[in-house]
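Chemist: Have a look; sequence and predicted model below, questions after that.
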Protein chains: 2
Amino acid sequence: MRLRVKDLAISTGNPKIALLNHTDAQKYDLHFADRVRIKKGKREVTAIIDITDSNELLLPGQIGLFKEVYSDIKAKDDDVVNVSIEQKPKSVEHIKKKLKGKELKYNEMKDIVDDIVDGRLSEIELTYFVASTYVYEMSDEEIVHLINCILKTGDILKLEGEKTILDKHCIGGVAGNRTTMVVVPIVAAAGLIMPKTSSRSITSAAGTADTVEVLCDVSYPLEDMKKIVQSTGACLMWGGAMNLAPADDKIIKVEHPVSLDPIGQLLASILAKKKSVSATHVLIDIPVGPGCKTDCMERAKHLKNKFEELGKKINMKVHVEITDGSQPIGKGIGPALEARDVLWTLQNSENSAIDLKNKSIRLAGKIFELVGEAKKGQGWRKAKKILENGDAYKKFIEIIKEQKPKVTTPEKIRLGKYTETICSKKEGIVLHVDNKGINKVARIAGAPQDHKAGVYLHVHKYDKVNKGQELITIYADSKERLKYAEECFFCEEIMLIEKRSQQKK
Amino acid sequence: MRLRVKDLAISTGNPKIALLNHTDAQKYDLHFADRVRIKKGKREVTAIIDITDSNELLLPGQIGLFKEVYSDIKAKDDDVVNVSIEQKPKSVEHIKKKLKGKELKYNEMKDIVDDIVDGRLSEIELTYFVASTYVYEMSDEEIVHLINCILKTGDILKLEGEKTILDKHCIGGVAGNRTTMVVVPIVAAAGLIMPKTSSRSITSAAGTADTVEVLCDVSYPLEDMKKIVQSTGACLMWGGAMNLAPADDKIIKVEHPVSLDPIGQLLASILAKKKSVSATHVLIDIPVGPGCKTDCMERAKHLKNKFEELGKKINMKVHVEITDGSQPIGKGIGPALEARDVLWTLQNSENSAIDLKNKSIRLAGKIFELVGEAKKGQGWRKAKKILENGDAYKKFIEIIKEQKPKVTTPEKIRLGKYTETICSKKEGIVLHVDNKGINKVARIAGAPQDHKAGVYLHVHKYDKVNKGQELITIYADSKERLKYAEECFFCEEIMLIEKRSQQKK
């Protein structure tokens, strides 16, 4: 069939969609989610069919192209294209196989991942894939297949001559918690290689990439990353700017609507990202606490075993630390406030957050033990020394200077111009500081898009407070946002303060 | 937040979608698949968020409304609407519960079905629901809940004073097979009540509704259906014109892309449709054969037991006949050719298809036995008598006359003006006639949208053929379609003819 192109100027984000008028769909016996091959000259593309019954939008004889399809064949409005029916990709059959509880082989997994990356699977088909791996937990073999397939569809950082390459990762959920920005310079100051890529926030007040961005640029192509790591031993960059494991984001998109996180997808996603920077030794931080991704010790231990076992199978030494995720780490929540905490900690300032410092020393120490730079249980001493003697700060500034620095003095970091400090209405003990709640207040104040917005915590869990004592300060760039954030803090039970006597009940 | 409406003039079919510019999505912390409440004056609607990064399509400050949302709040371009964030519906949590393998309670199922019908679930969420019931087969209790919930969201035919109301259903897959149009008049001629609604074809060459439409109108509102049934004892109508079980079509839409058909959804879908016409006695025909929905006897028997057990739980007498689905039933395939077969069979013409006649007599006989109008094993005698003495034909004409008849003489039914007859290239025995293949040839010729298109089968399975003997005739309304259909017949192994001696191999 021959149809005239209409540019719909809509991007779908991934699946390649073409729209037909319902009259043509009937005529050519095409159904929702069927596939067609669209040819214009020598260029061709496979698209998934959607159908409209609106003649205003699309006349019979026209084919509406979404952006991804339009640009693939370099179409112009009113171009006439050849459209032919195409079979469903084989990957759809593999997904059905997994939905029946059967194990997928390497080639089957490869078909699925290739089709995800190339936009050949509709959201519905991708959803069935995620559901199948949620219900039938992937075997270790399947996860290894998935990791290898994700790696094949993306770029890989190769650092010739380096035998030991480090990485770390934290399974999210704890507000603040910017240990990466302290751990990386400690480790690099000891002469080790740590090409760190991080993500931006999806549901929290800041991701590591958002926070680093307060101080310097984070978006670099792979070649620049390689040069910076070769020069300083490390980097602090946004992984999304590179094409390191592109299948992953597309899978995450359909997990989000029902907050599904099949354990096999989680393992494959993290390990593939680490493998894509050629990491040989990886530390994984699993915080456990209410509101964390891992809210019970049993799941944390199961994950720990899985990570360490899978590491062996992909030739990667993995150590998992299970940590306390019961409250925020650090005082600032939101990109600018967190960046300030990091700088203060690296400068050994009296303003530094002791919990952030201690956790960073512990994690860096475990990395030293993992690569044999310290005896078991003794790594923290080396990490503490490097942090406290200023070597880590020097290394941090060296890295930042390679990434077009914006500000390096904590006092010069700009914060939201409107502030509101909330004080305790009673005397007592802080029994709970809610991670999700604090993140929400900071987000309503504007974080992470507004780097300057966020929450400063004057107190932490188990602190004693007097009536009238400062609890939190909210920073925002508009009075309206400030007011909404304040209301949110009061509406939800974000900070629980009880008298000592009540605590025993 | 306040946004300006832009009419996108696209219909999604069901989920209510609103599009935001990515700048606004960031500003208001809204993500793909989040929900918003949109208010214009006193009208309001909940919509699911999609995000575009195209400023051509949608500027910051605008909200793009898909048709379903646009009409719900009677919006106009450039109207300013109030938009506020809304929580995910509870049904999403229930779907996750089922994905974890837990059983759903009545109220949970009700939330899900209500949200499906009202377009409050995204396609991704609905897909997770179907996947969950595919992997964890629904219990009888869950299926009964689902049936009751589907019934509550649609209309119900009530025939006051009638104690016995009949219905029948065939699990598809056999080409031709228009028994309903023969069974209904036999049963109604015996004085029984059979308010029959049927579907149009989705993947075959014709549905019962498409075939009846060759002879008379099939789209009527519920009130007219009631009048016609009260006057003639039966009707032959398209269920899609009424609002009898609206949840069903929406579920089927997400099953189609991966051809999933969870058994619980199948049972609930069919039984809810039967219950919506208040049927008390139901005959289900399960054809078994290659290419049928039920391709093995084991699944057919499992389905039979499930149907009959569930019938008891919803106060409905259900009998399942397992029949031969190994080849097409009747000679004509395609609406007009099938309608002609039906008329010839009802007229006891020498042209009638003996297989269609015999199967119809068997099924009508089973219905007589089910309601106690005949002894077990003897119903067929009564059915045969009513068909052969012309009573069934009289009743059929009576029903058709109530539904605005178009043509009632088989010879006057118009067929495609271009024909091609394919003859056997060798002598032998017909060993296989492929249901899917024959349907495909007929569809390529133009069926079911072009009623006049289709395939006439000169031979059936086990017939002896000579070299040069006619096998099939294709009917189409264009030379091009005729050629494509002919090519399809030769490409795929649709009719297998072997010499006797080879058969024994």
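Modeler: That came through, no problem. Residues are numbered from 1 along each chain as shown, chains lettered A, B, ... in the order given.
Chemist: which one's the longest strand in chain A?
Modeler: The longest strand of chain A (DSSP state E) is strand A:43-52.
Chemist: Any buried residues in that strand, and which?
Modeler: Across strand A:43-52, burial judged by 16 or more other C-beta atoms under 10 Å in any protein chain shown covers A:45-52. Every residue, glycine included, has its C-beta placed from N, CA and C.
Chemist: can you pull the contacts of residue A:280?
Modeler: Residues near residue A:280 by C-beta atoms under 8 Å, 6 or more residues apart in numbering or on different chains: A:163-166, A:315-317.
Chemist: for it, phi and psi?
Modeler: Per-residue torsions, residue A:280: phi -100, psi -30 (degrees, to the nearest 10).
Chemist: Could you check how far it is from chain B?
Modeler: Counting by C-beta to the nearest C-beta, to the nearest Å, the separation of residue A:280 from chain B is 35 Å.
Chemist: next one: residue A:467
Modeler: Applying C-beta to the nearest C-beta to residue A:467 and chain B gives a distance of 34 Å.
Chemist: circling back to that earlier point, ok, the buried residues of strand A:43-52 vs residue A:260, which is closest?
Modeler: residue A:48 (22.4 Å; C-beta to C-beta).
Chemist: For the closest one, list each beta-bridge partner.
Modeler: Following DSSP bridges, residue A:48 is listed with bridge partners residue A:17, residue A:35.
Chemist: In contact with it, which residues?
Modeler: So residue A:48 contacts A:15-18, A:33-35, A:120, A:122 (C-beta under 8 Å, 6+ apart).
Chemist: So what's the residue count around residue A:269?
Modeler: 22 (other C-beta atoms under 10 Å in any protein chain shown).
Chemist: tell me the secondary structure for it?
Modeler: Residue A:269 falls in the helix class when you classify it by DSSP: H, G, I helix; E, B strand; the rest coil.
Chemist: tell me which element residue A:468 is part of?
Modeler: Counting by DSSP states H and E, no helix or strand carries residue A:468.
Chemist: Could you tell me how many residues sit around it?
Modeler: When neighbours are defined as other C-beta under 10 Å, residue A:468 has 10 of them.
Chemist: looking at this, residue A:81 is in a strand?
Modeler: Yes: applying three-state DSSP, one finds residue A:81 inside a strand.
Chemist: In contact with it: list those residues for me.
Modeler: Residues near residue A:81 by C-beta under 8 Å, 6+ apart: A:2-5, A:38-40, A:63, A:73, A:75.
Chemist: Selecting buried members of these in ChimeraX, what would you type?
Modeler: Remark: buried members of these, expressed as a ChimeraX selection using 16+ other C-beta under 10 Å:
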select /A:3,5,38,40,63,73,75
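Chemist: Residue A:261: what secondary structure?
Modeler: Assigned with three-state DSSP, residue A:261 falls in the coil class.
Chemist: my bad, should have said residue A:5
Modeler: strand.
Chemist: same question, residue A:231
Modeler: helix.
Chemist: Could you tell me the per-residue confidence at it?
Modeler: You'll see residue A:231 listed with a pLDDT of 96.
Chemist: How about it, nearest residue that isn't a chain neighbour?
Modeler: residue A:402 (6.4 Å; C-beta to C-beta, 6 or more residues apart in numbering or on different chains).
Chemist: Could you do residue A:384 as well?
Modeler: Closest residue in space to residue A:384, ignoring its immediate chain neighbours: residue A:361 at 5.0 Å, by C-beta to C-beta, 6+ apart.
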